[in-house]
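Colleague: requesting a structural model of the entry that follows:
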Amino acid sequence: MASFGIDFGTTNTSVVECLITEHGMTKTPYGENNQPFPSLVALHPDKQPVFGWEVKKRRSQLIAEGYHVVASFKSILGSDQRVVVGKKEYSPVDVTALFLSYVKHRVEGMAGRKLEETVMAIPVDFKPEQRRSLRTAAEKAGIKIKSFVSEPTAAYVNCRQDLAGASNVAVFDWGGGTLDISLISIDKHEVSELAVTGQRLGGNDIDQMLARHLHAKISRQEGDPRTFDDLTPAERDQILERAEEAKKRLSTDDTAPIRLMRYAGKVMIRDIVTLDEFSKLIASRIDDAESLLHAAAEKAGVGIGQMDAILMVGGSCEMQPIFQRLERISEEYHLSIYRPDGIQWAVAGGAAVLSEQQPAYKLQKAFGVLLSDDSFYPVFEAGQVVPCKAQELRFGVVEDTTSAVFVFADESKVVLKRRSVPIKGFTAEGIHLQCEIDGDMIVHLRIFSDYAERMAVTDELNQLGFTYQIQ
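Modeller: Below you'll find the model as predicted:
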């Protein structure tokens, strides 16, 4: 039986099919034009939507025809934003559902089998409301999300045979919208997330930086007084597309030619971007990426020198400046560095493997409450299989007050959330805690007093680390 994994990205969405036969495991990537599906939707008041690669190549023409192009809709999932097209109004869930329906249809046509369920890879900082919205959108598209997995962990699962023997791996996942880093510990068949960090810094930001740089240079040369923001939509789309092409060209070459048609009042403009020019332009972003790696190591309590390997995945990791920076780090700390083939499908590949194996997800550390004497009271023990629900717990107050503060933490006393609860104020008053962790790996809390249950407080968090038990 085939299993599917999806890496729903801000810029691109990749799908991988995992098939186990008597001859072993095969993984088949799906996309358009030998690339993942561009995460683009063009909506029209009267015409059918257009998706993916066709939008990417015909964006300016579609806009001229009255289409509204929606990009980066992953970033607005979970929000109340609306996309208004004529008299129609679309929520982020609606747009995502339309896109996933398109992906499902295309994949089923290529695979010759149904894509009905999947493991979905998500960024490390994907909020609970974003997870719920993505699950709802997938359901509307006819896809059941079996479970979520963090993108860096999925990348490791995909490449674990190539990293055999490594006990501690830093996964450096730099995609179109985010940079996610995960420090992973491997013990036999258990994969544990020691620390995860993320930042809203992706390939889209790099494309914008390069496009603005190119426009400023061309403006000086051609005497065009307009700023980047003054450009027409067609001009802006064109220079952004050329910037992305140049960025990709510079992943292998030292120079990238630029050709713009009907730009800045000229029929055609030619220019060149050098690797040195590009490296200087994005140097501060490379510094940010390195700082995030050190922050992840510090959070995990693992020195860089204690790691065995750095795994690089995501389209932005194809840039020479970041590869050269991480190569220097690997030489300094005697680490191996691995950048797999099919780098843009690595995350979806790991999600597909997890979809096939259906591993148990366990809490890496105990989760509980810090009491007034600074002792830790566990609600869930380490190793608890998720999803799970705790027995209702009853706490008391130690002083006469009208509010009680719950401090939730892991067993290392790392504070994850503080929550104030209104109470009556009697020292004999009982305060009840109900807690469960659902299949989306979100902790749900409900706290109330004996005397004020109608004022119960509810909350949720998604900052726990998990261990994946895989074959």
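
Colleague: all helices for the chain, in order.
Modeller: For the chain, the helices defined by DSSP state H cover 52-64, 92-111, 128-140, 151-159, 203-222, 233-249, 275-281, 283-300, 320-333, 346-357.

Colleague: can you give me the domain boundaries for this protein?
Modeller: Split into domains by automatic domain parsing, the chain comes to 2-160+343-358, 203-281, 361-469.

Colleague: just the endpoints, please. Distance across the last one?
Modeller: Length of domain 361-469, first residue to last, C-alpha to C-alpha, to the nearest Å: 7 Å.

Colleague: same question, the shortest one
Modeller: Across domain 203-281, the terminal residues are separated by 14 Å (C-alpha to C-alpha).

Colleague: low-confidence regions, the stretch 351-471 of the chain specifically.
Modeller: By pLDDT under 70, the low-scoring segments of the stretch 351-471 of the chain are 425-427, 471.

Colleague: residue contacts, D410?
Modeller: Residues counted as contacts of D410 (C-beta atoms under 8 Å, 6 or more residues apart in numbering) are K365, A366, F367, G368, L416, L464, G465. Yep, even glycine has a C-beta here, placed from its N, CA and C like the rest.

Colleague: next one: I437
Modeller: L363, F380, Q384, V386, P387, C388, K389, V443, H444, L464.

Colleague: quick one: it from V196, how far?
Modeller: Applying C-beta to C-beta, to the nearest Å, the value for I437 to V196 is 17 Å.

Colleague: stretch 9-28: how far from the chain's middle?
Modeller: Relative to the mean C-alpha coordinate of its chain, stretch 9-28 is positioned 18 Å out (C-alpha atoms, centre = their mean, to the nearest Å).

Colleague: could you pull out the buried residues of that stretch?
Modeller: Within stretch 9-28, the residues scored as buried using 16 or more other C-beta atoms under 10 Å are 9-19, 27-28.

Colleague: okay, how far is it across it, tip to tip?
Modeller: Chord length of stretch 9-28, first to last residue, is 18 Å (C-alpha to C-alpha).

Colleague: quick check: mean pLDDT of it?
Modeller: Stretch 9-28 shows a mean pLDDT of 89.

Colleague: could you identify the most distant pair in the buried residues of stretch 9-28?
Modeller: The largest separation in the buried residues of stretch 9-28, counting by C-beta to C-beta, is between T10 and L19 at 28.4 Å.

Colleague: which residues does the nearest residue to G342 once chain neighbours are set aside contact?
Modeller: Among residues not flanking G342 along the chain, P29 sits closest, at 6.2 Å (C-beta to C-beta, 6 or more residues apart in numbering). Listed by C-beta under 8 Å, 6+ apart, the contact set of P29 reads S14, V15, V16, P36, G342, W345, A348, G349.

Colleague: ok, which pair from the residues you listed is furthest apart?
Modeller: V15 and G342 (12.5 Å).

Colleague: can you tell me the centre-most residue of the chain?
Modeller: Nearest residue to the geometric centre of the chain (C-alpha atoms, centre = their mean): P123, 2.3 Å.

Colleague: look up how far G198 lies from it.
Modeller: Distance of P123 to G198, computed by C-beta to C-beta: 6 Å.

Colleague: tell me, what's touching these two both at once?
Modeller: Residues touching both P123 and G198 (C-beta under 8 Å, 6+ apart): T178, D180.

Colleague: how many neighbouring residues does R270 have?
Modeller: 9 (other C-beta atoms under 10 Å).

Colleague: correction: S79
Modeller: By the criterion of other C-beta under 10 Å, S79 has 13 neighbours.

Colleague: find the nearest non-adjacent residue to it, please.
Modeller: Per C-beta to C-beta, 6+ apart, closest to S79 is P92, 6.2 Å.

Colleague: what of R339?
Modeller: The shortest distance from R339 to any non-neighbouring residue, by C-beta to C-beta, 6+ apart, is to M312 (4.4 Å).

Colleague: which pLDDT value goes with the one you found?
Modeller: For M312, the model assigns a pLDDT of 93.

Colleague: partners of it in the sheet?
Modeller: Beta-bridge pairing for M312 (DSSP bridges): F172.

Colleague: next up, the contacts around it.
Modeller: Listed by C-beta under 8 Å, 6+ apart, the contact set of M312 reads F172, W174, I322, F323, L326, I337, Y338, R339, I343.

Colleague: now tabulate the helices of the chain in CSV and tack on mean neighbour count and distance to I184.
Modeller: As requested, the helices of the chain are arranged in CSV below (neighbours: other C-beta atoms under 10 Å; distance: least, C-beta to C-beta, whole Å):
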stretch, mean neighbour count, distance to I184
helix 52-64, 18, 32
helix 92-111, 20, 28
helix 128-140, 19, 21
helix 151-159, 28, 5
helix 203-222, 18, 23
helix 233-249, 19, 28
helix 275-281, 17, 29
helix 283-300, 17, 9
helix 320-333, 16, 16
helix 346-357, 29, 11
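
Colleague: rebuild those helices as TSV, extending it with distance to E453.
Modeller: What follows is the helices of the chain, written out as TSV (distance: least, C-beta to C-beta, whole Å):
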stretch	distance to E453
helix 52-64	50
helix 92-111	33
helix 128-140	24
helix 151-159	39
helix 203-222	47
helix 233-249	55
helix 275-281	58
helix 283-300	38
helix 320-333	53
helix 346-357	40
